[in-house]
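> Okay, sequence plus prediction incoming.
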Amino acid sequence: MSSQPVQTTASLAASAAETALQANKAQRYIQLMLLVVAAGAIYPILYLRQVYQPTMLEVFHITDSQLGYLYSSLGTIFLLSYLPSGWLADRIAPRLLICFSLIATGVLGLWYSTAPSFQMLMLIFGGWGLSTGLTFWAAVIKRVTMIAGTHEQGRFFGLLDGGRGLIEAMLATIAITLFAWFTQTKGEPVAAGFKLVVYMYAFLCIALGVVLALVKDPQGARDAAANRATKKRSNVLVDLKTLASIPELWLVAAIVFCGYQVFWATYSFSAYLHEGEIGLTVVMAGTITTLKLWMRPIGGIGGGFLGDRYSKVSVLVIALFLAALSLLGLMAAPRISSHVLLVFLVLFIGILTYAIRGLYWSLLDRCNISVETMGLAIGLISVLGYSPDVFLPLINGYLTQNFPGVFGYQLYFGYVAGMAALGGFAGLALRNMLNRKGVA
């Protein structure tokens, strides 16, 4: 009975928001830049394994399986946090959530640098799950969705992922340089070099959280009013039922689910390249993996602009299928005698991976979701799409533990290649659905 007035009000609000967006273009890009820096600084300390996995095993005196348990616990907390994270992002100013997340993540990093026991590491990873999942993730995604115009979703999300990738690559380059200088030039043990790297990331997060807390958010008053209105009218169960009735949302969740596993595969590149049959040194494998991080701005930003110019869904489908083929190619790495060709393959997978990440959240504007429930929708998609955080580390740990050497990694990459292809088919289904509705 009351759906039509609400729909009309939502349409008027969307029109007014679009006008305001165009009038404050510079301000929106400044806000995007702040989000990019925050997102680029907060996650690397959680995922140092993609460059330093052999070192981590040595420093913490843990096995591959135990490392898998740590990341599985992190993924479990993420999974439990995503839905409440969306609910929280609809009610609390994103800037406050982001500042808290940065400082808490940095403080936990200082504890992490002391090389605590495995039990304490489980607590640290659990805390990171809350500080980067519950209070951070949906707040960032919702803010980008709100500040981007209707025809800017691809480039804004591309800039978010590509820009944070640029920040991560710069930090990773500084970190691997410090690590190599400390361990090879000065001859210090790898544990001391790793501690220096952790310090760098931890203190950066804390400093950035303090800085962002002091920066006035020009949209704070407007968002606070919107959050108060949301509190008054929102019914979580009704909103969830409404979101569950949107078929496009489920296909977006499937694409995120498959595409995210491609990204997870890149965490094992360094350890794979260090294996006996390939035989690269820890520093060389870490350097190649760090070079891959520099592909993120190219893949994320390039994919976003291509998506806005042509079709976000089509570009995403092509990237997913190419990623599947490239991972199959990486399985043949022991037979590739040219290190140059191997580096090229790793970098190409990096470009595809980051193009996928830069595009899948831009599909939200094709799902007909209201601003009032956008945070909840992000949480719902994240629960499904990022569930590999829970089981993929266990699969990785099991395969590399029970099938030592390159074979375990080849099995792992083969599985992820299959999931990438499945994501491509989900993208084709979404494109067909949108074409039938005339909104592709």
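Cool, the structure landed.

> got any ranges where the stretch 1-150 of the chain has weak pLDDT?
Applying pLDDT under 70 to the stretch 1-150 of the chain picks out residues 1-23, 149-150.

> At which residues are the strands of it located?
Counting by DSSP state E, counting those that start in this stretch, the stretch 1-150 of the chain forms no strands at all.

> If we ignore the residues flanking it in sequence, what's nearest Met284?
Using Cβ to Cβ, 6 or more residues apart in numbering and skipping residues adjacent in sequence, the residue nearest Met284 is Leu273, 7.7 Å away. Placement of C-beta: from N, CA and C, glycine included.

> Name the residues of the helix or strand where Ile395 lies that are buried.
Per DSSP states H and E: Ile395 is located in helix 388-402. For helix 388-402, burial by neighbour count (16 or more other Cβ atoms under 10 Å) applies to 388-390, 392-393, 395-400.

> ok, Glu58 touching Val190?
Yes - using Cβ atoms under 8 Å, Glu58 is in contact with Val190, at 6.3 Å.

> wait, isn't the residue nearest to Met284 in contact with Leu280?
Yes - contact criterion Cβ under 8 Å: Leu273 and Leu280 qualify, at 4.7 Å.

> Settle it for me: which of those two has more neighbours?
When Leu273 and Leu280 are compared for neighbours, Leu273 comes out ahead with 26 against 17, by other Cβ atoms under 10 Å.

> what sits in contact with each of Leu273 and Leu280?
Residues touching both Leu273 and Leu280 by Cβ atoms under 8 Å, 6 or more residues apart in numbering: Ile288.

> Now do the SS call for the residue nearest to Met284.
helix (DSSP: H, G, I helix; E, B strand; the rest coil).

> ok, so what distance separates it from Thr281?
9 Å (Cβ to Cβ, to the nearest Å).

> Can you mark which positions in whichever strand or helix holds Asp308 are buried?
With secondary structure defined by DSSP H and E, Asp308 is part of helix 295-309. Within helix 295-309, the residues scored as buried using 16+ other Cβ under 10 Å are 295-308.

> Which secondary structure elements does that helix sit against?
helix 153-180, helix 312-330, helix 339-360 (3 or more Cβ pairs under 8 Å, 6 or more residues apart in numbering; DSSP states H and E).

> Can you check which of those helices gets nearest to Gly405?
The closest of the helices and strands packed on helix 295-309 to Gly405 is helix 312-330. By Cβ to Cβ, the value is 15.1 Å.

> which other helices and strands contact the helix holding Ile395?
Using 3+ Cβ pairs under 8 Å, 6+ apart: helix 388-402 touches helix 64-89, helix 247-265, helix 406-437.

> Could you quantify the relative orientation of the second one and helix 339-360 as an angle?
What it means is helix 247-265. Angle of helix 247-265 versus helix 339-360, following axes from the mean of the first three to the mean of the last three Cα atoms, to 10 degrees, is 150 degrees.

> for the last one, same thing?
Per the same axes, to 10 degrees, the angle that helix 406-437 makes with helix 339-360 is 40 degrees.

> quick check: mean pLDDT across helix 406-437?
In this model, helix 406-437 carries a mean pLDDT of 90.

> which residues does the residue nearest to the spatial centre of the chain contact?
Most central in the chain under Cα atoms, centre = their mean is Arg357, positioned 7.0 Å from the mean C-alpha point. For Arg357, the contacting residues are 161, 259-260, 263, 299-300, by Cβ under 8 Å, 6+ apart.

> What is the nearest of the residues you listed to Leu204?
For those, the nearest to Leu204 is Asp161 (19.4 Å; Cβ to Cβ).

> For Tyr415, find the nearest of the helices and strands packed on helix 295-309.
Proximity to Tyr415 (Cβ to Cβ) singles out helix 312-330 among the helices and strands packed on helix 295-309, at 9.3 Å.

> Counting by contacts, list what the closest one packs against.
Packed next to helix 312-330, using 3+ Cβ pairs under 8 Å, 6+ apart, are helix 247-265, helix 295-309, helix 339-360, helix 406-437.

> okay if I get those helices as a markdown table plus distance to Ile77?
As requested, the helices and strands packed on helix 312-330 are exported to a markdown table (distance: least, Cβ to Cβ, whole Å):
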| stretch | distance to Ile77 |
| --- | --- |
| helix 247-265 | 16 |
| helix 295-309 | 25 |
| helix 339-360 | 21 |
| helix 406-437 | 23 |
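
> between those helices, which one is nearest to Val236?
Of these, the one closest to Val236 (Cβ to Cβ) turns out to be helix 247-265, at 16.1 Å.

> buried set for that closest one?
So, applying 16+ other Cβ under 10 Å, buried residues of helix 247-265: 248-265.

> tilt between it and helix 64-89?
Using the same axes, to 10 degrees: helix 247-265 against helix 64-89 is 150 degrees.

> check contacts around Thr183.
So Thr183 contacts 189-190, 192-193 (Cβ under 8 Å, 6+ apart).

> next one: Pro388
75, 257, 260-261, 264.

> Between which two of these is the distance greatest?
Gly75 and Phe257 (12.8 Å).

> Mutual contacts of the two, please.
By Cβ under 8 Å, 6+ apart, the residues touching both Gly75 and Phe257 are 386-388.

> I'd like the residues you listed laid out as TSV, including distance to Leu422 and pLDDT.
TSV is the format used below for the shared contacts of Gly75 and Phe257 (distance: Cβ to Cβ, whole Å; pLDDT from 0 to 100):
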residue	distance to Leu422	pLDDT
Tyr386	16	84
Ser387	14	86
Pro388	12	87
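
> how close does the nearest residue to Gln153 once chain neighbours are set aside get to Ser311?
Sequence neighbours aside, Ser362 is the residue nearest to Gln153 in space, at 4.3 Å (criterion: Cβ to Cβ, 6+ apart). Here the distance between Ser362 and Ser311 works out to 11 Å (Cβ to Cβ).

> The two: who's more crowded?
Between Ser362 and Ser311, counted using other Cβ under 10 Å, Ser362 has the larger neighbour count: 29 against 17.

> quick one, what contacts that one?
Ser362 neighbours (Cβ under 8 Å, 6+ apart): 153-154, 156-158, 304, 307, 312.

> if you set the cut-off to 10 Å instead, what comes out?
Contacts for Ser362 (Cβ atoms under 10 Å, 6 or more residues apart in numbering) come out as 144-145, 148, 152-158, 160-161, 252, 303-304, 307-308, 312-313, 315-316.

> Number of residues surrounding Ile351?
23.

> Contact partners for it?
Per Cβ under 10 Å, 6+ apart, neighbours of Ile351: 292, 294-300, 302-303, 319, 322-323, 326.

> Give the intersection of the neighbour lists for Leu273 and Thr281.
Common neighbours of Leu273 and Thr281 (Cβ under 10 Å, 6+ apart) are Thr287.

> Just confirm Leu80 contacts Leu74, I think it does.
No - with contact defined as Cβ atoms under 10 Å, Leu80 does not count as touching Leu74 (11.2 Å).
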